[in-house]
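Student: what would the 3D arrangement of this be:
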Amino acid sequence: MENLLTILTRITACGTSAGFIELVENELCNVIGSTSANNWSPGQRAEFMMFYTIFRTTATAAFNIKDALERANAEDLTRELVTELESDLYELSSFQAGIELDELVAALDQYIEILVDGDKGIDGTIAAITGNYFRTFFLTLHSLEIEERISIAKINHHFSTVLYEY
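Tutor: Reported below is the predicted structural model:
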């Protein structure tokens, strides 16, 4: 399993938490303000708002975890970081458990399609690049196996405590 810091550094290399959240908000505002969204049912609008909230909280959690790993000079979770990052780890764990992969892919594809909206010019190209970055970011977060990483951190702590006492 690749270390968590490497993965998070790779997908967050384009900026800061605030910058990424601002980009997500701008692009999702473009989606909800599109002519395609004018035809959405109330259920589709509610689903969009759910995804918007999930994307925002999950992205914030990912940046917080990466920052904490860097600060602690750790590549993976430790028992101390699990305690410190409890709410952020919960957000990622809930994201993974609460959204099926196919639902996530379908939502991302739909929003990217709306952003590009057949534009073959520079705006469409920028929207496609941004959309694909979001896709990579959120699909990577969905595949992190956070619960397993938390368990490993706790087991490693227990093992090191037993060795120290021995």
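
Student: so Glu80 makes contact with Leu69?
Tutor: No. Counting by Cβ atoms under 8 Å, Glu80 sits too far from Leu69 to count as a contact (11.5 Å). Quick note: C-beta positions are derived from backbone N, CA and C, even for glycine.

Student: the two - which one has more neighbours?
Tutor: Comparing Glu80 with Leu69 by other Cβ atoms under 10 Å, the one with more neighbours is Leu69, at 22 against 13.

Student: any idea how far the more buried one is from Glu84?
Tutor: Distance from Leu69 to Glu84, counting by Cβ to Cβ, to the nearest Å: 11 Å.

Student: over to Asn30?
Tutor: 35 Å.

Student: quick check: phi and psi at Ala74.
Tutor: phi -120, psi 150 (degrees, to the nearest 10).

Student: ok, it - how many residues close by?
Tutor: Neighbours of Ala74 (other Cβ under 10 Å): 16.

Student: can you tell me which residues contact the residue nearest to it when sequence neighbours are not counted?
Tutor: Closest residue in space to Ala74, ignoring its immediate chain neighbours: Leu81 at 6.5 Å, by Cβ to Cβ, 6 or more residues apart in numbering. Listed by Cβ atoms under 8 Å, 6 or more residues apart in numbering, the contact set of Leu81 reads 68-69, 72, 74, 153.

Student: next helix or strand past the longest helix belonging to the chain?
Tutor: Longest helix in the chain, counting residues (DSSP state H): helix 42-71. Sequence order places helix 79-84 as the next helix or strand after helix 42-71, per DSSP states H and E.

Student: just how off-centre is that following helix within its chain?
Tutor: 20 Å (Cα atoms, centre = their mean, to the nearest Å).

Student: same deal with stretch 30-41?
Tutor: So, by Cα atoms, centre = their mean, the centroid of stretch 30-41 is 23 Å from its chain's centroid.

Student: so that it lines up with my notes, have the first residue be 28 from now on.
Tutor: Got it, the first residue is 28 from now on, which makes the last one we talked about stretch 57-68.
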